[in-house]
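> Return atomic coordinates for the entry below.
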Amino acid sequence: MILGSTTWGPSVWLLVGGVLAAERDDLGPNQALEPRTSVRIDIVDPSTETIEWFGVASDPGTLADVPIEVIVYDPGGAELGTFASGSVIAVSSVGLHTLEIQGLDLDLDLIDEPLYDWAIRVLDGTGAPIDGRVWSRSWRLDAGGLGALQATHASFYAVVEGGVVGEQSVIELLTDGLAGNRYAIAASTEGIRDGHGRSRLDDGSWSSPSGHAIYLRPPDPAVISYSVVSPAISSVGIVPQGTCGAVVPGWGPADVTLDSNVTGVAHLICDLDGDGVFDRTHDGDLHRQIDVFAGTTVFEWDGLDNLDQPVGAGSVDCRIELAVGELHFVASDIETSFEGFRLFSVDELGGRIGLDMYFNDAEVQAGAVLMPDTQISLESSGPLGLSSGAYADPALPNVNARAWGAFGASSKGNLALLDTYTWLRHDSAGPFSVALEEVVSDGDADGLPDTAEICVLGTDPALADTDADGLSDALEVGDLPTDPLEADSDGDGIVDGDELPDPLLPVDSDLDGIVDALDPDDDDDGLLTLDEGAVDSDGDGVVDYLDLDSDGDGIADGLDGLGDADGDGIAGFQDADDDGDGVPTDTEGAGDSDGDGVPDYLDPDDDGDTIPTAEEADRDGDLLYDDSDGDGVVDYLDPDDDGDGIDTAIEGGGDSDGDGLPDYLDLDSDGDTIPDADEGIGDSDGDGAPDLQDGDDDGDGIDTLIELGGAAGVPGDPAQPADLTLAPDLDGDGVVDYLDPDDDGDGIDTAIEGIDDVDGDGRSNHQDLDSDGDSLLDADEGPEDVDGDGLGNFVDIDSDGDGFGDAVERFVDSDGDGAGDFVDADDDDDTVLTIDEIDGDSDGDGDVDRLDPDDDGDGIDTATEHADGLIHGEDIDGDGDANWIDLDSDDDGSPDAVEGTGDSDGDGVPDYLDATEDQTIWYRGSGLSTRCATGPGSGTAGALLLVLLAPLVRRRSR
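Next up, the predicted model:
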């Protein structure tokens, strides 16, 4: 938001200290601001404070004024907007705001035009400027020249650390004739990085950070504490490293331990020239500066002097000074400071105290020129520093002011970094003595001082190559990263010299940034060099530890790994046939033919057909991979090796027909001359064996080959298979015999009938409708064994075993009991088995006994006589004739027909079986009578008739 704008003119900025000077001191009329300056603004009360911006550049071509815009960012980095020159900008956040000046390169020289007129101020609620709110870490100025008129006489206020978090103070850099054409005002705690307070030639190898906030007015106490903590060193210790108890310059440093109460800068100063003066600004002594932190800080001194040369043997005295609020102003390519600048501490009330300034220009002093007062600038400040004196005192070159140059291009400040430093508080400790060894002797001429080898490195001063790895100790200590005490620095089994054949060109085979001699996996294949070794498994001229595919099998070593899939004692990365199946890994490759998740080169059964690849690959040993079916797919990858339409996994490796050819390669696995392709995987007889492997497809006990008859092919000759169009179907039921469980359709399974020819008619039973030739069809006789003689009725000419052949008895059911006589053991159902009834007609009535219910015609049913016989005896008179064919069963002279089944004497034995029945004859009235209650007639006439008939009764013998 732009609250307002003001029109400014260049003449305004000629007013030194005028009200419009606002937030920049009098930098001089020619101190144009470069747009690359990043400006910071402190906002304390955003409800009343605003930012005022004005900036004008000059068009080099027309000299016309060009207003310059800025982008403003709040403390969170959010952009508040782009604002034109003359804007008053509202803010809403407490804290640090950033202004980015939007430079313009109007003359296209790749350099943005500087702002010759500019103002940056913070205004309060009344519009009055608030001093000390605008700063930058590097004010970049363009004076337009090196002359005295282009010099600045401004003050810059650096905020320095106060020793603890939250404490800061201020040091003023008061310039008087600082000229550098295009230059920067910046300061830091360190100064030139690793410069240790020495000025340096700007050869591109040195840098100077810009760390301190630099204000153009004394910072507002609302944002700076103006306080500093006095440092205190509680203890100092110096312990040389190595085994000799002394510093070996350049080789074995000393550990310096410092305990302090503040964060600051430690200065190690050693009196190398032995003059008793600890001079940090003279190269005759040593000066090192180190950042320290509250608590314990440990740093090293390497035994080298300011010029990085070894300090001589003996002992030197050193001391440590600890500074707080240290500031280094590094004049970067600033040709002149005349009359010179001074440094003052500033308190919150504006009081100034002159500070001692320290510098060592030994490296750049050769460029010094006579200053306008004809003096040569000082080479150093001296051990006590150059005091800035009182603030009101005038600047006096080399007396109270740091001065050099003569407003020309030549001076020690040209292309140089001149470091001037001071501090606000300090403490010191020491002196203390430090012992040093000499570093001159080199007994083995390996470039390493003997003392370094003995005290620090542990190498043998008498051997140029202590570990005998082919690399000198000096190389391993210096240029090479290897261990001079370990012939194999990385422990990979390869000596360092072999891994670094040319010390000038250390090999990094896998380009991982680690030289082979230190790389446990030189080729970065995932396998340790120690495991791979220096052999050349594939003979390609590259040793395994450098070969990404050591066995040349097309599988990277990292995938092959250290495992031994086939257990042959050769690790996978060196095994050209990882799974030991006889097919090289480079042939099988990393594909997964059977999709089982195991790559072929590790799969003992590549196609997953249950037949090992080793068996399928080359059965005939002709060194060519078998392709049994000629389909262009080798067997070990072919799911149907013999191309019969039946997967190898189903056929398996058995040999169903015993012909020496496994089923998966046999077009007729069961040898029945029917191709497997025709039989298929069905199981017609449900015996668990698919038809293609079943020699008896229908399970009827008769080989399929036999049942095929004339349709059969030539066993063992796939070229002459069975002609199934001719396969017999004896019973015409549409099911060919070799699949028909009842070939002749007689209702009796072929398995029961078998191939015997019981009746000798030239037809085996399973094809004979009357197997026993008894004129009864097998279908009628059935498979039962009625007489239990072990022969089914259909092959038993006397099915019921009654002595009468089936051909005789046939299907008549004489007794109507539902069983035909040929299977009826008692044809007439008289309870006497047919076999016991002779094949005759005992009573001559025309009915043979086996069909006569009263075999002897005595009027008593055979069944009755048989039943009574079971109780009283079947041949009760013992004459050899069973009662049912004996007309006088009890042989009492009275025919059974006469005696009958009654029981005259009540003894429980029927009369025809009772020889002891009462035979007394008596008369009724005047005639003779008998008790016989049966027979023809009665009384005397009946008795006489019996007497007369008796001689006529003759016995019959069976």
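
> Give me the nearest residue to residue 380, chain neighbours excluded.
Once flanking residues are discounted, residue 380 sits nearest to residue 281: 3.9 Å by C-beta to C-beta, 6 or more residues apart in numbering. Heads up, the C-betas are built off the backbone N, CA and C, glycines and all.

> and that neighbour, what does it touch?
197, 287, 358-360, 380-383, 385 (C-beta atoms under 8 Å, 6 or more residues apart in numbering).

> Recalculate using a threshold of 7 Å.
358-360, 380-383 (C-beta atoms under 7 Å, 6 or more residues apart in numbering).

> Of the residues you listed, just say which sits nearest to residue 624.
residue 360 (86.6 Å; C-beta to C-beta).

> Can you show me the strands along the stretch 551-700 of the chain?
Shown for the stretch 551-700 of the chain, no strands are assigned by DSSP state E, counting those that start in this stretch.

> ah, wrong one, I meant the stretch 251-400 of the chain
254-260, 264-270, 286-292, 295-301, 314-324, 327-332, 336-346, 352-354, 356-357, 386-387.

> Put together CSV for those, with distance to residue 825 and mean neighbour count on each row.
CSV is the format used below for the strands of the stretch 251-400 of the chain (distance: least, C-beta to C-beta, whole Å; neighbours: other C-beta atoms under 10 Å):
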stretch, distance to residue 825, mean neighbour count
strand 254-260, 124, 20
strand 264-270, 132, 25
strand 286-292, 127, 21
strand 295-301, 123, 15
strand 314-324, 135, 21
strand 327-332, 137, 27
strand 336-346, 145, 25
strand 352-354, 149, 17
strand 356-357, 147, 18
strand 386-387, 151, 20
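
> how about JSON lines for these, with distance to residue 645 and mean pLDDT added?
Listed next are the strands of the stretch 251-400 of the chain as JSON lines, based on distance: least, C-beta to C-beta, whole Å; pLDDT from 0 to 100:
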{"stretch": "strand 254-260", "distance to residue 645": "85", "mean pLDDT": "96"}
{"stretch": "strand 264-270", "distance to residue 645": "91", "mean pLDDT": "97"}
{"stretch": "strand 286-292", "distance to residue 645": "85", "mean pLDDT": "97"}
{"stretch": "strand 295-301", "distance to residue 645": "84", "mean pLDDT": "97"}
{"stretch": "strand 314-324", "distance to residue 645": "95", "mean pLDDT": "97"}
{"stretch": "strand 327-332", "distance to residue 645": "90", "mean pLDDT": "98"}
{"stretch": "strand 336-346", "distance to residue 645": "102", "mean pLDDT": "99"}
{"stretch": "strand 352-354", "distance to residue 645": "108", "mean pLDDT": "98"}
{"stretch": "strand 356-357", "distance to residue 645": "103", "mean pLDDT": "99"}
{"stretch": "strand 386-387", "distance to residue 645": "107", "mean pLDDT": "99"}
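
> Which of those sits closest to residue 53?
Closest approach to residue 53 among those (C-beta to C-beta): strand 336-346, 26.6 Å.

> what's the angle between that closest one and strand 327-332?
Interaxial angle of strand 336-346 relative to strand 327-332 (axes from the mean of the first three to the mean of the last three C-alpha atoms, to 10 degrees): 160 degrees.

> other SSEs contacting strand 336-346?
Strand 336-346 sits against strand 168-174, strand 178-179, strand 352-354, strand 402-404, with contacts defined as 3 or more C-beta pairs under 7 Å, 6 or more residues apart in numbering; DSSP states H and E.

> Just send those back as CSV, with distance to residue 247 too.
Putting the helices and strands packed on strand 336-346 into CSV (distance: least, C-beta to C-beta, whole Å) gives the following:
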stretch, distance to residue 247
strand 168-174, 35
strand 178-179, 42
strand 352-354, 38
strand 402-404, 34
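
> So for residue 140, which of those sits nearest?
strand 178-179 (13.8 Å).

> still on that earlier bit, residue 229: which of the helices and strands packed on strand 336-346 is closest?
Using C-beta to C-beta, the helices and strands packed on strand 336-346 put strand 168-174 closest to residue 229, at 10.0 Å.

> Describe which strands the closest one pairs with in its sheet and in which direction.
Strands that pair with strand 168-174, judged by DSSP bridges, come out as strand 155-161 (antiparallel), strand 336-346 (antiparallel).

> Low-confidence stretches in this structure?
1-26, 838-839, 917-958 (pLDDT under 70).

> Relative to residue 254, how far out is the one residue sitting closest to the centre of the chain?
Nearest to the geometric centre of the chain sits residue 559, at 12.4 Å (C-alpha atoms, centre = their mean). Distance of residue 559 to residue 254, given as C-beta to C-beta, to the nearest Å: 52 Å.

> cool, residue 719 as well?
Separation of residue 719 from residue 254 (C-beta to C-beta) stands at 98 Å.

> now swap in residue 772 and tell me
In terms of C-beta to C-beta, residue 772 sits 124 Å off from residue 254.

> all strands of the stretch 401-550 of the chain, in order?
402-404, 416-422, 425-436.

> what helix or strand does the residue nearest to residue 56 when sequence neighbours are not counted sit in?
Excluding its sequence neighbours, the residue lying closest to residue 56 (C-beta to C-beta, 6+ apart) is residue 117, at 4.1 Å. Assigned by DSSP states H and E, residue 117 belongs to strand 115-123.

> Determine the set of other helices and strands touching that strand.
Using 3+ C-beta pairs under 7 Å, 6+ apart, strand 115-123 is in contact with strand 32-33, strand 50-58, strand 129-130.

> Reformat the ones you listed into CSV and put distance to residue 727 and mean neighbour count next to each item.
CSV is the format used below for the helices and strands packed on strand 115-123 (distance: least, C-beta to C-beta, whole Å; neighbours: other C-beta under 10 Å):
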stretch, distance to residue 727, mean neighbour count
strand 32-33, 112, 24
strand 50-58, 109, 23
strand 129-130, 117, 20
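
> Of the ones you listed, which is nearest residue 788?
strand 50-58 (127.4 Å).

> partners of the closest one in the sheet?
Note on strand 50-58: by DSSP bridges, its sheet partners are strand 65-67 (antiparallel), strand 87-90 (antiparallel), strand 115-123 (antiparallel).

> returning to what we had before: select, out of the strands paired with strand 168-174, the one closest to residue 603.
strand 155-161 (69.8 Å).

> Just the angle for that closest one relative to strand 416-422, thanks.
Angle between the axes of strand 155-161 and strand 416-422 is 60 degrees (criterion: the same axes, to 10 degrees).
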